[in-house]
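> Next one to model:
(one chain, ligands or ions: 3)
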Amino acid sequence: MEVRCRAPGKIILAGEHAVVHGAAAIAASIDLYTEVRISLHPSGQENELLELDLKDMGLNLSWPCSQLKEVLGDCSADGSVLVSCTSEKLELLSGLVAQKNMPQENVQLNSGLYAFLFLYTSILGYKPGKAVVTSELPMGSGLGSSASFCVALSGALIALSEGFSLKTKEKKDQFSFRKNDLELISKWAFEGEKIIHGKPSGIDNTVSTFGNMIKFKKELKTTNPMMPLNSTTPLKMLITDTRVGRNTKSLVSSVSERVLRHPDTMTSVFNAINSISDELALLVESPAEYKVEVSEKEEKLKELMQMNQGLLQCIGVSHESIETVVRTTMKEKLVSKLTGAGGGGCVLTFVPTLLSAAVTEKVISELEQCGFRCFMVEVGGPGVQVFPC
Ligand SMILES: Nc1ncnc2c1ncn2[C@@H]1O[C@H](COP(=O)(O)OP(=O)(O)O)[C@@H](O)[C@H]1O
Ligand SMILES: C[C@@](O)(CCOP(=O)(O)O)CC(=O)O
Ligand SMILES: [Mg+2]
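Ligands and ions are numbered 1, 2, ... in the order given. As a prediction, this is how the structure comes out:
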């Protein structure tokens, strides 16, 4: 049995970090994907293995299924029953990864490997199999590589699990996830994100699962934190990868430390960001038929992004490289803001409808001279998809 599953990365138009502390945020999927292909091997053979092939990194890892069972103990292996990774289990997973003596330059991958082992064994138990992972997303740079990895992996695992309703391989056109499957995949991916991020809001796994554009706010537990948005005009975004490495977990915890030092002030900042997200949600859904309306709408969007960037700087997650992008694009009256956790990583620049190609090229060339990498993305495509192999 074999399936292939892909899940998109994302941009955050407004509200990163503040969303962790309860404010609203706006995110959209982008046309860059992580793909996970899993094939299950027949059980009952000798030397059964769980293999992981991280193609982009040229890393091949494997664990004997008997060793996994011995170390992790019996597990329910039921995809429909969500479980969280306890600190004791994380300790055991880190022991299994430590044995592999990974090269020092790959140390940031460890949390992704813990998430892989946790999700695989929690959903499929100790079935022998091989997972092959490829990604078009730069890792650790704010485009949600961690969430798209967890969503694509959870999707492939759920598709192979006992309870999955559409294992009718003959009906290839029906080989897709239903709403209930999607909700389950997003929840499992959130458990994976918790291992990688520490304290995720859930926005990244949600947008990677459901795609398009969403407003997300962790409100009362009884209400759905996700509201799909119907964007009325296509948004063109230039992404600049500053190539400055950073780690979401430590940036999120640095913001929480600032909250402890300045609780009232940070609450006010989060409230301001919440208002920016609310306004932005109304704006993207507002009709704009005529050129003048489109440009008015774009001016408002630019202003909101600019204010959000100012507040992100205020909470301590900007970076010299991000400020360089902001200044460079501002020379052409273009607005930029960081996306994701900040501290380096990727920056969004809004490209207005009427901007000439010559200006866009000039800006890109200047950014590339700073050593940055620029690319355009399509905003608001599909979420997780499964394909039979
Ligand atoms: N394709 C992948 N394979 C294995 N682990 C991955 C993959 N993509 C992301 N990860 C894990 O997610 C981490 C990056 O997540 P994070 O710091 O949240 O940045 P971002 O989500 O913005 O890319 C990586 O260090 C790694 O542990
Ligand atoms: C900073 C945050 O708002 C987004 C993090 O995104 P990324 O992992 O940097 O792509 C954290 C979260 O919402 O879980
Ligand atoms: Mg992440």
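> drop to CA atoms for contacts and neighbour counts, all remaining ones
Will do.
> With only the CA atoms kept, save the host helix or strand of residue 214 in PDB.
Counting by DSSP states H and E, the element that carries residue 214 is strand 213-216. The C-alpha coordinates for strand 213-216 follow below in PDB (Å, rounded to 0.1, in the frame of the first residue of the first chain):
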ATOM      1  CA  MET A 213      -7.100  32.400   3.000                       C
ATOM      2  CA  ILE A 214      -8.300  32.200   6.600                       C
ATOM      3  CA  LYS A 215      -8.800  34.400   9.600                       C
ATOM      4  CA  PHE A 216      -7.700  32.500  12.800                       C
END
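> Which neighbours in the sheet does that strand have, and how are they oriented?
Paired neighbours of strand 213-216 in the sheet (DSSP bridges): strand 25-40 (antiparallel), strand 226-229 (antiparallel).
> now that strand, how far from the chain's geometric center?
Relative to the chain's own centre, strand 213-216 is displaced by 13 Å; criterion: Cα atoms, centre = their mean, to the nearest Å.
> Let's have the strands paired with strand 213-216 in JSON lines, adding mean pLDDT, mean neighbour count and distance to ligand 3.
Formatted as JSON lines, those follow (pLDDT from 0 to 100; neighbours: other Cα atoms under 10 Å; distance: least, Cα to the ion, whole Å):
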{"stretch": "strand 25-40", "mean pLDDT": "98", "mean neighbour count": "25", "distance to ligand 3": "13"}
{"stretch": "strand 226-229", "mean pLDDT": "96", "mean neighbour count": "17", "distance to ligand 3": "18"}
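> so which of those strands gets nearest ligand 1?
Closest to ligand 1 of the strands paired with strand 213-216 is strand 25-40 (Cα to the nearest ligand atom; 6.5 Å).
> Output the set of residues of this protein in proximity to ligand 2.
16-17, 19-20, 142-144, 200-203, 248, 252, 340-341 (Cα under 6 Å from any ligand atom).
> The same query, at a cut-off of 5 Å, please.
Proximity of the chain to ligand 2 (Cα under 5 Å from any ligand atom) is limited to residues 16, 17, 142, 143, 144, 200, 201, 340, 341.
> Can you say which of those residues are buried?
For the residues of the chain next to ligand 2, a burial check counting by 16 or more other Cα atoms under 10 Å picks out 16, 17, 142, 143, 144, 200, 201, 340, 341.
> So for the strand holding residue 214, mean pLDDT?
Averaging pLDDT along strand 213-216 gives 97.
> can you list contacts of it?
The contact list for strand 213-216 (Cα atoms under 8 Å, 6 or more residues apart in numbering) reads 19, 24-29, 203, 207, 225-231, 277, 281, 380.
> and what of stretch 63-77?
Stretch 63-77 is contacted from outside by 47-51, 89, 92-93, 121-128, using Cα under 8 Å, 6+ apart.
> got it, and stretch 359-373?
240, 241, 242, 243, 325, 328, 329, 332, 351, 374.
> Same question for it: list its buried residues.
Within stretch 359-373, the residues that count as buried by 16+ other Cα under 10 Å are 363, 364, 367, 372, 373.
> ok so, going back, narrow the contacts of stretch 359-373 to just the buried residues.
For the contacts of stretch 359-373, a neighbour count by 16+ other Cα under 10 Å gives the buried set as 240, 241, 242, 243, 325, 328, 329, 351, 374.
> Now render the residues you listed as a markdown table, adding secondary structure, pLDDT and distance to residue 319.
Shown next, in a markdown table, are these (DSSP: H, G, I helix; E, B strand; the rest coil; pLDDT from 0 to 100; distance: Cα to Cα, whole Å):
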| residue | secondary structure | pLDDT | distance to residue 319 |
| --- | --- | --- | --- |
| 240 | strand | 98 | 13 |
| 241 | strand | 98 | 13 |
| 242 | coil | 98 | 10 |
| 243 | coil | 97 | 12 |
| 325 | helix | 98 | 10 |
| 328 | helix | 98 | 14 |
| 329 | helix | 98 | 16 |
| 351 | coil | 97 | 22 |
| 374 | strand | 98 | 18 |
